[in-house]
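In: Turn this into a structure:
(3 chains)
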Amino acid sequence: MNQYYDLDKGKNVLFMNDASSTSGYSSGNSPTSTTQSLSPAHSPETMALQTDFANLNLPTGNSPQPLPLQNSPYQHQLLNNGGLGQLDASNLINSAAVANATSFGNMYMDHQYYVSAPAAVPPGQHFGYHQNSPAAGGDNKHVPQLRIVEQPVEKFRFRYKSEMHGTHGSLNGANSKRTPKTFPEVTLYNYDGPAVIRCSLFQTNLDSPHSHQLVVRKDERDVCDPHDLHVSKDRGYVAQFINMGIIHTAKKYIFEELFKKKQDRLVFQMNRRELSTKQVQELHQETEREAKDMNLNQVRLCFEAFKIEDNGTWVQLAPPVYSNAINNRKSAQTGDLRIVRLSKPTGGVMGNDELILLVEKVSKKNIKVRFFEEDEDGEIVWESYAKFRESDVHHQYAIVCQTPAYKDKDVDREVVVSIELLRPSDDERSFPPLPFRYKPRDAIVSRKRRRTCSSANSSSSGNVSSNNSLDLPKTLVLAQPPNGATSHHDQTISQEFGRYHLDDLLNSDHFRKIIEHNSAELEKICDLDMGELQADGHGRSEGPSSRNLTIKYLSAIFKIFDQDRRTRCETSRRQVEELFTNHALQNDNNDTLLHEVISYKKDNLKLAFKTIQVMNYFKLSELANSALNADGDSALHVACQQDRPHYIRPLMGLECSPNQQNHAGNTPLHLAVKEERMNCVESFLNGMPTLRLDLSLKNDDGLTPLHMAIRQNRYDVAKKLISHDRSSISVANTMDGNNALHMAVLEQSVELLVLILDAQNQNLTDILHARNAAGYTPLELARHKANERVVQLLEKVYPEKGELAMTWIPRKVKEEIDSSSDESSDAGQLEIKSEEMDIKMEDEDSVELDLSSGRRGRDSDGTQMNPEPRHKLQLLLKNKSLYDQLSSLLNEPVGHGPDPKLAKWKRVARQSNLEQFICLWLTADGLLDHIMEDGASVDIGAFIRALQTIEPQAYALLDRDLH
DNA sequence: CGGGAATACTG
DNA sequence: CCAGTATTCCC
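Out: Residues are numbered from 1 along each chain as shown, chains lettered A, B, ... in the order given. Next up is the predicted model:
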């Protein structure tokens, strides 16, 4: 095992090759020149120095230098080797300026050059002396030869001089990883004396130095190339060039830097004789030519080997070898291509859909958007390019393009293809490709739908409406079960549970009170409600005419219902059905009466429940389930959109499918999550049989409800979803392939992470090792994107190297997290208690559950969590005596005002935005119960303010405990 | 380190 | 002078 003297740290490092380096610019015996020569090349003093340097005599090789390396065991070597001169022949034959090339030519002869196929000489290089080399057929085994053992990385950020403060990471080897790191490395073969291996920066298309600087950090200074490492029999012949950086020479200095480099090389090739005026002139011209079109974003390393003769002359041992090109990561010409985001992951097979790509810096003249499809073997079966103009590339960071048509315009299902950026100049691709889903044409889909529907209908027992619904016009799209294979099963189940829920509801006191008892006055109610409708306006659409229409239809339907109460005849049923259908046709949005009635701006419970009841009575569940409006929304979608949680159960009772996806692919639950309607989410999930709700459905953005909840950083929603069905945790979204854990990482939410890890206790490995579309596991993503806390948390969860797996030990992590952050103010008992009311997962490992509960208190900094007073008020109401006091106070009538019979609680309810519930409550208890049980939907602040004005005494009761 | 703002350059 | 990039600097 060798040791290496690390120039930066001034100490020996294991595993490194034993070699040492000095700056080629060190001039030898002047103490000041050591420091001066280290300055970046285009500073004035450097220029002066280098001019001097060109005129220096050869160093003797043993002149002591004041290098500050007193504690180094290799000090003598450094000293001895200090002040190495510039000697190079690689540019010799090519250079028109070189008159006395013969001496070098002889030198090669002496050493019997063998031109190997060095690891990586870029194609297209034909250097004179290579071709003229007499090595062909020589004794390969005994000819000195340099080989690149480790190439430099392909991409590296070139830094400007002004950026070279502090460390910026070094030029690593192509195979470098976090550990072990590698560095560019060459080996000298077939030589056994002491030798010097030099590394310098070259252009990629010319056999000439590059104006940029290859620097090594040393004693707080950047030492410019060339860099020489000493090798010998004792140390081995491996030269590893560590801690190098590339300085991007500013444009204005390109010429002079290049000239300097070329001049230095020439001088030493000529054994340090002065250049003639003519030579200088020629060099000048050549440099001008080269500087004009030098590629500033691409360089390569040149490695050379020398031996030092006793008289101090340097003799080239082996031909130079060149590394692969190193590209500037910062440049749009050579940097990484990456698609950051797609405006949408889907499009029609016909193409020409507008698609917006956010991308990393691209050049509009040199970029294409490629769509392609591979078969199972990775063979390209189709490719096409998106259409866009140069002007569609927005500021190098976005591309607005038209999707190409898919090869087969008659596919009847979605086809997933890939999108990548392609840079024609170097055939570089973005990685990884992003998935894009081609959607079949509507015509094809509806043909297919028709089939599905009719078969579904024929299998359902004697449903007369089936033919009817098939005849509905095109815009009133029929719903199809999300999955044909299980539809029948689903239906059976939904019927069972549906009936149960609806009957439940119908038998409830509230419902009876609202509807049953009023049946005799049906007409009156309708009149009343219609009047209200006209006054209050409409929640969703249109003007008075549409409202009148609705009223007309509803009146007619209710009339039929009323007349039919005893007979329940088929004719009435058909009439009602027809009225529903006709109504939907006449309305712009194709909303059915059901859609409308549950989405009135002013929620009208009576009307809505009545409508539901009528539909149920006439067994119009098929209609309720299949009638979608122009957006593909079912009544459930509308209920969620409008935040009407109380309709969700009844509608599901009507067999309105919770898994129906609208035109944006959203299920009602998606909408509930999206709009952050916690009450709706709860209505869906509480006590709902798992079979009915499919939590793994993805909308057109490729997201499940859980993904959306995480993306919105809604711990409460995510928790609800996860406790209902854990299996959706491991689902990767189609947007970027992230699973729930990835997404929680991006939210930098420790709460979400713990929630997910807890719930996934059983098979953590899956989600821990799942790679997203960019190829990152959650941990890797965290290292890249998240803060230290998140990374630390995840690192604890991942199995240690060597271990096969580790089970999630929440308590341990919890302790560590808790101890590592004291900023969280105390949760307070109230909140923890309230948390206990949450639904628990039916998990035998429920030990873990209380972790996530306990964590709630940490949300003092979390913006998404419920505000404090909510819980407190809810808990206070649990106190029986307080509750009773409040109740009796609020049951008092308001002493004054227009309606003396109006109880205070009603007024409070009205001012707390709970008016729509008043008809459901008989006394103040209704209101208080509602707040206790359904607090999430209540604006507690408004309630308290209302209390303060309407019933100050009651407010006083609470005030003390609330603050 | 990477991201990005500020400033310079160019047709 | 403008728009669009390229360069440089800053955090």
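In: list the helices and strands the helix or strand hosting residue A:954 packs on?
Out: Using DSSP states H and E, residue A:954 maps to helix A:952-962. Identification of packing neighbours for helix A:952-962 by 3 or more C-beta pairs under 8 Å, 6 or more residues apart in numbering; DSSP states H and E yields helix A:868-876, helix A:880-891, helix A:940-950. The way it works is simple: take the backbone N, C-alpha and C, and place the C-beta from them, glycine included.
In: could you point out which element follows the second one?
Out: Per DSSP H and E, the first helix or strand lying C-terminal to helix A:880-891 is helix A:904-911.
In: Got the confidence number for the residue in chain A positioned nearest to DNA strand B?
Out: Proximity of chain A to DNA strand B (C-beta to the nearest atom of the strand) peaks at residue A:169, 1.9 Å away. Looking at residue A:169, its pLDDT stands at 79.
In: So it versus residue A:329, what's the distance?
Out: Distance, residue A:169 to residue A:329, by C-beta to C-beta, to the nearest Å: 11 Å.
In: close to DNA strand C, is the helix or strand residue A:264 falls within?
Out: Remark: residue A:264 resides in helix A:254-269, with elements defined by DSSP H and E. No. Judged by C-beta under 7 Å from any atom of the strand, helix A:254-269 stays clear of DNA strand C, getting no closer than 8.6 Å.
In: is DNA strand B contacted by that helix?
Out: No. Helix A:254-269 lies out of reach of DNA strand B by C-beta under 7 Å from any atom of the strand, never closer than 11.3 Å.
In: Alpha carbons of the helix holding residue A:954, as PDB, please.
Out: Only the C-alpha atoms of helix A:952-962 are listed here, as PDB (Å, rounded to 0.1, in the frame of the first residue of the first chain):
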ATOM      1  CA  PRO A 952     -71.100  37.200  25.400                       C
ATOM      2  CA  GLN A 953     -71.800  35.100  28.500                       C
ATOM      3  CA  ALA A 954     -71.100  31.900  26.600                       C
ATOM      4  CA  TYR A 955     -68.000  33.400  25.100                       C
ATOM      5  CA  ALA A 956     -66.800  34.300  28.600                       C
ATOM      6  CA  LEU A 957     -67.100  30.600  29.600                       C
ATOM      7  CA  LEU A 958     -64.900  29.600  26.800                       C
ATOM      8  CA  ASP A 959     -62.600  32.500  26.800                       C
ATOM      9  CA  ARG A 960     -60.900  31.600  30.000                       C
ATOM     10  CA  ASP A 961     -59.900  28.200  28.700                       C
ATOM     11  CA  LEU A 962     -59.200  29.100  25.200                       C
END
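In: Quick check: buried residues in it?
Out: By neighbour count on 16 or more other C-beta atoms under 10 Å, the buried set for helix A:952-962 is A:954-955, A:957-958.
In: Looking at residue A:169 and residue A:329, which one has more neighbours?
Out: residue A:329 (15 against 10; other C-beta atoms under 10 Å).
In: Please tell me how far that one sits from residue A:335.
Out: Residue A:329 is 5 Å from residue A:335, by C-beta to C-beta.
In: one step back: helices and strands around the helix holding residue A:264, which ones?
Out: For helix A:254-269, the elements it packs on are helix A:44-55, helix A:277-292, judged by 3+ C-beta pairs under 8 Å, 6+ apart.
In: can you list the domain ranges for chain A.
Out: A:87-325, A:339-440, A:471-666, A:868-962 (automatic domain parsing).
In: Go through the helix holding residue A:954 and list whatever outside residues touch any part of it.
Out: A:869, A:872-873, A:876, A:882, A:885-886, A:889-890, A:944, A:947-948 (C-beta atoms under 8 Å, 6 or more residues apart in numbering).
In: Same question for stretch A:291-301.
Out: Outside stretch A:291-301, the residues that reach it (C-beta under 8 Å, 6+ apart) are A:122, A:152, A:158, A:184, A:199-206, A:210-212, A:214, A:241, A:246, A:248-249, A:251, A:254-255, A:258, A:322-328, A:331, A:333-334.
In: just the buried members of those?
Out: Buried among the contacts of stretch A:291-301 (16+ other C-beta under 10 Å): A:152, A:158, A:184, A:199-206, A:210-212, A:214, A:241, A:246, A:248-249, A:254-255, A:258, A:322-328, A:331, A:333-334.
In: mind listing which of those residues are in strands?
Out: Secondary structure assignment by DSSP state E places A:199-202, A:214, A:246, A:248, A:322, A:326-328 of the buried ones among the contacts of stretch A:291-301 in strands.
In: Make JSON lines out of those and add distance to DNA strand B.
Out: Output for these, formatted as JSON lines (distance: C-beta to the nearest atom of the strand, whole Å):
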{"residue": "A:199", "distance to DNA strand B": "19"}
{"residue": "A:200", "distance to DNA strand B": "22"}
{"residue": "A:201", "distance to DNA strand B": "19"}
{"residue": "A:202", "distance to DNA strand B": "23"}
{"residue": "A:214", "distance to DNA strand B": "16"}
{"residue": "A:246", "distance to DNA strand B": "12"}
{"residue": "A:248", "distance to DNA strand B": "11"}
{"residue": "A:322", "distance to DNA strand B": "24"}
{"residue": "A:326", "distance to DNA strand B": "14"}
{"residue": "A:327", "distance to DNA strand B": "13"}
{"residue": "A:328", "distance to DNA strand B": "11"}
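In: among the residues you listed, which are in reach of DNA strand C?
Out: Among these, DNA strand C is touched by residue A:248 when using C-beta under 7 Å from any atom of the strand.
In: Surely residue A:637 and residue A:674 touch.
Out: No. Under the criterion of C-beta atoms under 8 Å, residue A:637 is not in contact with residue A:674, lying 10.9 Å apart.
In: Those two: which is more packed in?
Out: Taking neighbours as other C-beta under 10 Å, residue A:637 and residue A:674 compare with residue A:637 leading, 28 against 20.
In: OK, contacts around that one?
Out: Contacts for residue A:637 (C-beta under 8 Å, 6+ apart) come out as A:631, A:660, A:662, A:666-668, A:671.
In: Show me the two of the residues you listed that sit farthest apart.
Out: Distances among these were taken as C-beta to C-beta; the most separated pair is A:631 and A:667, at 13.3 Å.
In: of those two, who's got more company?
Out: More crowded of residue A:631 and residue A:667, by other C-beta under 10 Å: residue A:667, with 28 against 17.
In: how many neighbours does residue A:314 have?
Out: The burial count for residue A:314: 24, using other C-beta under 10 Å.
In: residue of the stretch 501-650 of chain A with the smallest distance to DNA strand C?
Out: For the stretch 501-650 of chain A, C-beta to the nearest atom of the strand, closest residue to DNA strand C: residue A:631, 36.1 Å.
In: I'd guessed that residue sits against residue A:588; true?
Out: No. Residue A:631 lies out of contact with residue A:588 (C-beta under 8 Å); the separation is 11.4 Å.
In: Please list the residues of the stretch 251-400 of chain A that sit near DNA strand C.
Out: Going by C-beta under 7 Å from any atom of the strand, the residues of the stretch 251-400 of chain A near DNA strand C are A:251-252, A:296, A:330-332, A:363-364, A:390-391, A:393, A:395-396.
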